[in-house]
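In: What follows is a protein structure lacking sequence information:
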């Protein structure tokens, strides 16, 4: 038997292992392969869900 | 003076704010405390009653006394990526970093003391009610009998985590879920369980508060097979968030909540019922905002950047007073 709330648990939704951007420590921003700043591409952010309130984060529980 | 952002590299939501700070010409140093002793260094000497020193990250060096604000966004555990990580090293690093930052006089979003307190859901419910926000009937218990009695009084109820944390090994999410009043509540004895009367909602409300600025978004509950999905984070309907007006009474009470909590930032979740009443569910002191801005176009990142970019500690109250730093 497990704590009651865990009866309602689901597998955590993990983001794709690879995102199409990497952190540039010089710019202090994540950049796409073509050099554009990822945060300026809202359509991409919506598609990836990386700015979404997601349950199941390993490290942060504020959604 | 510099804005210090404590967050992980992959935090693209923080990027949305950095873009605005860069455009405004405000110096930024972004680092993840997890990189302490690896690519992040610190040094401070206690001189004439305060610590004077520097932080270094990615080739950038910033004076602790030269910080105008500190944004605690999504930092990792201090020294988590050190060559030889340990719980002891994490505690040592946390005390050193946050201990020195506490004395720098910068404004915090959010101050660690205020943030720690604000994470407690029972505390949130109490403060919300004190401020005048409607709160659904709620029970937190390890007594199965209390849970059964609560279910008899409120047969339409939900269960949600007390902390908002999610179990690992394996990684799982615990969404807010409907509970049958006929459920077997014996497992309540194995862990504190939060049961709450379900609000029959016609929309979810995400109200993002940045200083004095309120930015509300509304997401209609779509009719259909998923209408029973209580937790908006798992709702597959694809309904977009749209900008919403904040009722004056709610605005007043939310500002009171933020003030009493000593927060500079908060993301409130409400359930809007059939009468249009906004029922308080929770306030995440570090809640996500990127998805709201992406859907609504509301200038949340710019508003955060403007708050962080305000003048430095020259005319600020002592940083150790959490309430005084949340203006």
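Out: Ah, there it is. As the structure is a computational prediction, the values presented were derived from the model and not from experiment.
In: what about stretch B:68-88 and chain A, any contact?
Out: Yes: contact of stretch B:68-88 with chain A (Cβ under 8 Å from any Cβ of the partner chain) involves B:74, B:76, B:77. Heads up, the C-betas are built off the backbone N, CA and C, glycines and all.
In: That stretch: which residues count as buried?
Out: Using 16 or more other Cβ atoms under 10 Å in any protein chain shown as the test for burial, stretch B:68-88 gives B:68-82, B:85.
In: Can you tell me which of the residues you listed lies closest to chain A?
Out: Taking Cβ to the nearest Cβ as the measure, residue B:74 is the one of these closest to chain A, at 5.5 Å.
In: Okay, and which of the residues of stretch B:68-88 next to chain A map to strands?
Out: The strands, defined by DSSP state E, take in residue B:74 from these.
In: Not counting stretch B:48-60 itself, show me its contacts.
Out: Stretch B:48-60 is contacted by residues A:25-26, A:28, B:4, B:29-31, B:35, B:39-45, B:61-65, B:97, B:100, B:103-104 when judged by Cβ atoms under 8 Å, 6 or more residues apart in numbering or on different chains.
In: mind checking how far stretch B:106-120 is from the chain centre?
Out: Its chain's C-alpha centre and that of stretch B:106-120 lie 9 Å apart, by Cα atoms, centre = their mean, to the nearest Å.
In: returning to what we had before: just name the closest of the residues of stretch B:68-88 next to chain A to residue B:180, please.
Out: Proximity of the residues of stretch B:68-88 next to chain A to residue B:180 (Cβ to Cβ) peaks at residue B:74, which lies at 36.2 Å.
In: my guess is that closest one contacts residue B:15, does it?
Out: No: between residue B:74 and residue B:15 there is no contact under Cβ atoms under 8 Å: 11.8 Å.
In: Mutual contacts of the two, please.
Out: Applying Cβ under 8 Å, 6+ apart, one finds that no residue jointly contacts residue B:74 and residue B:15.
In: And the residue of the stretch 201-327 of chain B found nearest chain A, how close does it get to residue B:177?
Out: Of all residues in the stretch 201-327 of chain B, residue B:290 sits closest to chain A, at 2.4 Å by Cβ to the nearest Cβ. According to Cβ to Cβ, to the nearest Å, residue B:290 stands 25 Å off from residue B:177.
In: Closest approach to chain B from chain A, which residue is it?
Out: Relative to chain B, the nearest point of chain A is residue A:51 (2.4 Å; Cβ to the nearest Cβ).
In: Shouldn't that residue be within a helix?
Out: No: per DSSP: H, G, I helix; E, B strand; the rest coil, residue A:51 lies outside any helix segment and is coil.
In: show me where pLDDT drops low in the chain?
Out: The chain I'm using is chain A. A:13-17, A:54-63 (pLDDT under 70).
In: that's the wrong chain, I meant chain B
Out: Using pLDDT under 70, the flagged stretches of chain B are B:224-228, B:312-327.
In: on that earlier part again, just give me the neighbour total for the residue of the stretch 201-327 of chain B closest to chain A.
Out: 25 (other Cβ atoms under 10 Å in any protein chain shown).
In: With residue B:271 instead?
Out: Using other Cβ under 10 Å, residue B:271 has 22 other residues around it.
In: Ramachandran coordinates for it?
Out: For residue B:271, the backbone dihedrals (degrees, to the nearest 10) come out as phi -110, psi 120.
In: before we move on, the earlier item: can you give me the distance of the residue of the stretch 201-327 of chain B closest to chain A to residue B:11?
Out: For residue B:290, the distance to residue B:11 equals 9 Å [Cβ to Cβ].
In: From the contacts of stretch B:48-60, list just the buried residues.
Out: A:28, B:4, B:29-31, B:35, B:40, B:42, B:44, B:62, B:64-65, B:97, B:100, B:103-104.
In: Now do the contacts for residue 37.
Out: In the absence of a named chain, chain A is used. Contacts of residue A:37 by Cβ under 8 Å, 6+ apart are A:27, A:29, A:30, A:31, B:15, B:19.
In: Sorry, I should have been clearer: chain B.
Out: Applying Cβ under 8 Å, 6+ apart, the residues near residue B:37 are B:79, B:82, B:83, B:89, B:93.
In: Residue A:5 against residue B:195, yeah?
Out: No: using Cβ under 8 Å, residue A:5 is not in contact with residue B:195, being 9.5 Å away.
In: which residues are in contact with both of these two?
Out: With Cβ under 8 Å, 6+ apart, residue A:5 and residue B:195 have common neighbours residue B:159.
In: what does stretch B:6-24 contact?
Out: The contact list for stretch B:6-24 (Cβ under 8 Å, 6+ apart) reads A:19, A:21, A:23, A:25, A:28-30, A:37-40, A:45, A:50-51, B:3, B:5, B:28, B:30-34, B:70-76, B:288-290, B:293, B:301-302, B:304-306, B:308-309.
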